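# Curious how this folds, go ahead:
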Amino acid sequence: MYYPLSAFIGLRYAKAAKGSHFIAFINLFSVIGIALGLMALLTVLAVMNGFEAELKLRNLGITPHILVQHEDTQRDTPQDYTAIAEVRAQAEQIDYEGLVQSPSALQGVMVQGIDPAVMNQNSVIANNLLVGSLNNLVAGQYGVVIGHALARKLNLTIGEKTRLFAAKNSFFGPFGRSYNQRLFTVVGVFDMASALDDKVVLLNIEDAAKLIRSNVQDVSATRLFLHDAFTYLPIVQQLNAKGLRTTDWRTQQGALFDAVKMEKNMMSLMLLLIIAVAAFNIVSALVMVVTEKQGDIAILLTQGMTRSKVMQIFLFNGVYNGIKGTVWGLAGGLLLVFQLNNIIELFNLPIYLGPDGQGLPIQLEWQQVLVLVATSLGLCFVASLYPAFRAVRVEPALALKYE
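Below is the predicted model of the structure:
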């Protein structure tokens with residue numbers, strides 16, 4: 001097979017390094033270090049991506065992505081927000097704070113008055129109901145759907161009644177401040193396996209309005225369901241530019257997702273430093289190769305090879321080791337990512353973050369894989385620059401003086 005001359009000689013030098021045990025050891029150490037660092041980075045990022053996706057699915061499946069508040073002048077002219085590319089559905093919703101009381105306990109919650117038909121088609125809650133259905137929230141029947149965690153705290157089951165207090169539109173009576181309250185029947189229990197399962201209850205939007213002695217049109221906002229909750233910002237900016245007031249999921253969940261993102265970035269940085277340390281071991285090996293091959297370099301220069309071609313020889317030598325480490329790390333990392341839960345189960349490791357012991361959430365993003373491979377190769381290329389520059393500075397007369 002034909003190789004460019006620089007690549008041919010560089011490959012010979014890379015393989016000839018096996019003749020020197022010390023240089024071969026450093027080369028092997030750098031290749032293994034790059035491979036292990038890339039394997040660890042791929043695995044950690046896949047798990048962190050999966051964890052973030054689970055949080056987005058479960059927490060943001062309950063929290064509205066965007067709520068558009070209605071001004072008095074806008075209530076009579078409802079708008080169609082589904083014309084915006086990222087908005088897949090919209091529905092009127094009422095939100096306020098409340099208390100749920102059972103014979104055994106009392107719990108503060110966020111009340112969501114919803115349109116059951118729209119929520120049934122667009123909310124993941126509908127797919128995570130243990131018993132009952134969102135369609136059981138019929139206007140005038142005063143049903144409530146609660147989370148499994150809340151049901152355990154309050155010792156409630158399907159069909160039982162619970163008293164719901166609304167903090168909004170409270171009033172002063174003969175005995176002080178009085179809160180609107182009413183008995184509701186539990187018609188559904190959902191389990192999203194999220195921190196919000198005991199903090200949110202769902203009512204029919206008509207019943208939610210009646211509980212606070214209001215009309216739906218006077219207190220409702222428009223809930224927007226997005227294809228991807230993380231694309232909220234351009235939509236919010238677009239709506240605000242039209243003079244509309246909005247609130248989005250970051251009001252309640254922003255700090256949590258910022259912490260997850262920061263943790264993922266810091267873990268990536270630390271593991272990337274492992275790859276960098278291994279890549280820069282190439283410097284040591286190549287400097288010794290350059291020192292050992294000074295006579296060869298001088299001969300090549302006297303035979304007419306340009307200094308740029310000599311530099312390419314040692315750049316190829318260093319990048320060759322980087323390619324080996326990257327390929328091994330990529331293959332090992334992908335194998336580890338796709339078999340991680342099987343390995344955990346095989347060794348009976350007590351690592352279960354998914355609901356019902358489903359194991360670690362894994363989500364591999366190929367764009368990240370390409371970036372990591374390119375970064376690994378780039379670090380190896382940068383590490384090869386200094387030895388290559390040293391090679392082109394060899395003076396043939398001095399190198400061959402004692403040959």
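
# which intervals of the stretch 151-300 of the chain have sub-threshold pLDDT?
Low-confidence segments of the stretch 151-300 of the chain (pLDDT under 70): 171-176.

# which stretches of it form strands?
161-173, 176-190, 200-204, 221-226, 245-248 (DSSP state E, counting those that start in this stretch).

# which other residues reach the first one?
It refers to strand 161-173. 96-102, 111, 144, 146, 154, 156, 177-186, 201, 203, 211-214, 219 (CB atoms under 8 Å, 6 or more residues apart in numbering). (C-beta placed from N, C-alpha, C; glycine too.)

# Going through the residues you listed, which ones are buried?
Buried members of these, scored by 16 or more other CB atoms under 10 Å, are 96, 98-100, 102, 111, 144, 146, 154, 156, 180, 184, 186, 201, 203, 211-212, 214, 219.

# So which of these belong to helices?
Using DSSP state H, the subset of these located in helices is Leu154, Leu211, Val219.

# residues touching the first one, list them.
Read that as Leu154. Going by CB under 8 Å, 6+ apart, the list of residues near Leu154 reads Val100, Gln101, Ser102, Ser104, Ala105, Gln107, Ile146, Thr162.

# Need the max-distance pair from these.
Taking CB to CB, the two most distant members of the contacts of Leu154 are Ser104 and Ile146; they sit 14.4 Å apart.

# what's the offset of the helix or strand harbouring Gly378 from the middle of its chain?
Using DSSP states H and E, Gly378 falls within helix 366-392. Distance of helix 366-392 from its chain centroid, counting by CA atoms, centre = their mean, to the nearest Å, is 27 Å.

# Now it: average pLDDT?
Mean pLDDT, helix 366-392: 89.

# That helix - contacts with which helices or strands?
The contact analysis (3 or more CB pairs under 8 Å, 6 or more residues apart in numbering; DSSP states H and E) places helix 366-392 against helix 21-62, helix 250-292, helix 307-346.

# Let's have the ones you listed in CSV, adding mean neighbour count.
Shown next, in CSV, are those (neighbours: other CB atoms under 10 Å):
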stretch, mean neighbour count
helix 21-62, 20
helix 250-292, 17
helix 307-346, 19
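
# if we can go back for a sec, so which of the contacts of Leu154 are in strands?
Using DSSP state E, the members of those that fall within strands are Val100, Gln101, Gln107, Ile146, Thr162.

# who touches the second one in this structure?
What that stands for is Gln101. Gln101 is in contact with Leu154, Thr162, Arg163, Leu164, Phe165, counting by CB under 8 Å, 6+ apart.

# Of these, keep whichever come out buried.
So, by 16+ other CB under 10 Å, the buried ones in the contacts of Gln101 are Leu154, Thr162, Leu164, Phe165.

# Next up, the contacts around the residue nearest to Val277 when sequence neighbours are not counted.
Leaving out its chain neighbours, the residue that sits closest to Val277 by CB to CB, 6 or more residues apart in numbering is Gly33, at 6.6 Å. By CB under 8 Å, 6+ apart, the contact set of Gly33 is Ile274, Ile275, Val277, Ala278, Ala279, Asn281, Gly325.

# again with Asn265
Counting by CB under 8 Å, 6+ apart, Asn265 has no contacts.

# now the one 3 residues further on
Contacts of Ser268 were listed using CB under 8 Å, 6+ apart, and they are Leu41, Val44, Leu45.

# Reformat these into CSV and put distance to Phe51 and pLDDT next to each item.
Output for the contacts of Ser268, formatted as CSV (distance: CB to CB, whole Å; pLDDT from 0 to 100):
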residue, distance to Phe51, pLDDT
Leu41, 16, 91
Val44, 10, 90
Leu45, 11, 92
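
# for the residues you listed, which one is nearest Phe381?
Nearest to Phe381, judged by CB to CB, of the contacts of Ser268 is Leu41 at 18.2 Å.

# Would you agree the closest one is in contact with Ala278?
No - the criterion here is CB atoms under 8 Å, and Leu41 misses it with Ala278 at 11.8 Å.

# Give me the contacts around stretch 137-149.
Identification of contacts with stretch 137-149 by CB under 8 Å, 6+ apart yields 100, 114, 116, 125, 129-130, 132, 134, 136, 154, 156, 162, 164, 182-192, 196-207.

# what comes up buried for it?
For stretch 137-149, a neighbour-count test (16+ other CB under 10 Å) marks Leu137, Ala139, Tyr142, Gly143, Val144, Val145, Ile146, Gly147, His148, Ala149 as buried.

# and which of those residues is nearest Leu269?
Set against Leu269, the nearest of the buried residues of stretch 137-149 by CB to CB is Ala149 (35.4 Å).

# What's the separation between that closest one and Asp228?
Distance, Ala149 to Asp228, using CB to CB, to the nearest Å: 27 Å.

# same question, Trp328
As for Trp328, its distance to Asp228 is 34 Å (criterion: CB to CB).

# picking up where we left off before, ok, the contacts of Ser268 vs Val369, which is closest?
Set against Val369, the nearest of these by CB to CB is Leu45 (8.6 Å).

# count of neighbours near Arg390?
17 (other CB atoms under 10 Å).

# Enumerate every residue touching the residue lying closest to it once chain neighbours are set aside.
The spatially closest residue to Arg390, leaving aside those adjacent along the chain, is Val290, at 5.2 Å (CB to CB, 6+ apart). By CB under 8 Å, 6+ apart, Val290 lies in contact with Ile297, Phe314, Pro387, Arg390, Ala391, Val394.

# Now Leu379: closest residue in space that isn't a chain neighbour?
Using CB to CB, 6+ apart, the closest residue to Leu379 is Ala279 (4.1 Å).

# Wait, that neighbour touches Gly378, no?
No - contact criterion CB under 8 Å: Ala279 and Gly378 do not qualify, at 9.0 Å.

# just to revisit the earlier point, dump the buried ones among the contacts of Gln101 to TSV, plus distance to Asn120.
Output for those, formatted as TSV (distance: CB to CB, whole Å):
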residue	distance to Asn120
Leu154	25
Thr162	22
Leu164	22
Phe165	27
